[in-house]
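Novice: Pasting a predicted model and its sequence here:
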Amino acid sequence: MVRSSTLPNSSSQPKRSGRPPKPDMVWIAGGTFGMGSNDFYAEEKPLHRVTVDGFWMDKYQVTNQQFQKFVKETGYVTVAERPLNPADYPGAPPENLVPGSLVFHMTEGPVDLKKMNLWWNWIPGACWRRPEGVGSSIKQKQKLPVVHIAYEDAEAYAQWAGKALPTEAEWEFAARGGLENAVFAWGNEVLVQGKRMANTWQGEFPWKYLKSHPPSPEAVGSYPPNGYGLYDMTGNAWEWTCDWYTSQHPEDADKPCCIPNNPRGGSMENSYDPSQPKFPVPRKVVKGGSYLCSPEYCERYRPSARRPQMVDTGMSHVGFRCVVRVDSQLQESEN
């Protein structure tokens, strides 16, 4: 490790002249950085250099309050609230073929950590406005990140807001906050002066939780920002990017001769999960980890960490934030 676990001074972040294009956005000046990691999970390899142009990014994850305003003004219905077509889910139990989403629940004791179905349940009626299912609400959760958001939902909100979803490279550059090669968004140690820097699992996953409340997202901005003034870039809720998932970064990505500029990941055709041929759903990259991440199960509350997420699937730990790009040529376009 080459850097201490201290936050860079956010005042060192270069400022762009003029006001943010939207409220609560931070100017990210862009630059060249080491993307990925050779030290953790296989999908993060190889560590390689890329360049991104400057852009504006939401200071916070999109909240329930913000998403509620979008829905009220547009009448938008999220994927989790729509009826399911049985033909799209061959072999699925009939009771699951109703609007709903995947909700986390704690187990009664230690379990096989390879069996995700032991702590994820399909809950009819679960969606962004009812995050735990029928009978729950967001009434007291306006400042929490909106969850149960499928990719289409995040994209629809971004377009309504006059923004876009970040690329994986933009997201990772911003999450690092100016710390080159640091493990976390704040440095190399989990704790800074004895304090936790993100909303992650505390205890033994998925059965023992040491906080005073059940495991869940927390209000945005509850933890210190990174060096660019961005909050909750890791932990709290996973965040969608607009890049199609690849099993790892391109094999030739670490060639020093050719540093890619504003890379865009893989293709839709290559994003499908080869282990689930009966469910040919393309997958996008999500970044940042969530409140369910823990060292013994999912040590992905790091800028370089990445996971695939089926575009039609929201979960109780998946949300998003948006960007505004300065160069119109860089505005998101589907591969």
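Specialist: Done, it's in.
Novice: Confirm for me that M25 is in contact with K59.
Specialist: Yes. Between M25 and K59 a contact is recorded at 6.4 Å, counting by C-beta atoms under 8 Å. Backbone N, C-alpha and C define where each C-beta goes, glycine included.
Novice: what sits against P83?
Specialist: 98-99 (C-beta atoms under 8 Å, 6 or more residues apart in numbering).
Novice: Would you check how far apart it and F40 are?
Specialist: Applying C-beta to C-beta, to the nearest Å, the value for P83 to F40 is 40 Å.
Novice: Now do the same for the residue lying closest to W186 once chain neighbours are set aside: its pLDDT.
Specialist: The shortest distance from W186 to any non-neighbouring residue, by C-beta to C-beta, 6 or more residues apart in numbering, is to M197 (4.8 Å). Here, the pLDDT recorded for M197 equals 97.
Novice: Just want the most central residue of this structure.
Specialist: For the chain, the residue nearest the mean C-alpha position is E239 (1.7 Å; C-alpha atoms, centre = their mean).
Novice: tell me the SS of that one?
Specialist: strand (DSSP: H, G, I helix; E, B strand; the rest coil).
Novice: Quick check: bridge partners of it?
Specialist: Per DSSP bridges, the residues bridged to E239 are K287, G319.
Novice: hang on, the earlier thing: for burial, what's the neighbour tally of the residue nearest to W186?
Specialist: By the criterion of other C-beta atoms under 10 Å, M197 has 23 neighbours.
Novice: Next, work out how far apart it and Y272 are.
Specialist: 35 Å.
Novice: how about W56, what does it touch?
Specialist: Counting by C-beta under 8 Å, 6+ apart, W56 touches 16, 20-22, 25-28, 323-326.
Novice: just to revisit the earlier point, who's in contact with the residue nearest to W186?
Specialist: 184-186, 190-191, 223-224.
Novice: R307 now?
Specialist: Applying C-beta under 8 Å, 6+ apart, the residues near R307 are 43, 238, 285-286, 300.
Novice: helix, strand or coil for it?
Specialist: Once three-state DSSP is applied, R307 turns out strand.
Novice: quick one, helices of this protein?
Specialist: Using DSSP state H, the helices of the chain run over 64-74, 151-160, 168-176.
Novice: Hmm, D39 and P46 touching each other?
Specialist: No. Judged on C-beta under 8 Å, P46 makes no contact with D39 at a distance of 11.1 Å.
Novice: And these two? Which one has more around it.
Specialist: Higher neighbour count among P46 and D39: P46, with 16 against 12, using other C-beta under 10 Å.
Novice: I'd like the helices of the chain laid out as CSV, including mean pLDDT and distance to E108.
Specialist: Below are those laid out as CSV (pLDDT from 0 to 100; distance: least, C-beta to C-beta, whole Å):
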stretch, mean pLDDT, distance to E108
helix 64-74, 98, 30
helix 151-160, 98, 33
helix 168-176, 98, 35
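Novice: for the ones you listed, which one sits closest to Y291?
Specialist: Y291 lies closest, by C-beta to C-beta, to one member of these: helix 64-74, at 15.2 Å.
Novice: Could you check how many residues crowd around the nearest residue to A92 once chain neighbours are set aside?
Specialist: The shortest distance from A92 to any non-neighbouring residue, by C-beta to C-beta, 6+ apart, is to P86 (7.3 Å). When neighbours are defined as other C-beta under 10 Å, P86 has 11 of them.
Novice: How about the one 10 residues further on?
Specialist: Neighbour count for N96, taken as other C-beta under 10 Å: 12.
Novice: which residues touch it?
Specialist: Going by C-beta under 8 Å, 6+ apart, the list of residues near N96 reads 89, 122, 124.
Novice: do that again at 7 Å, thanks
Specialist: W122 (C-beta atoms under 7 Å, 6 or more residues apart in numbering).
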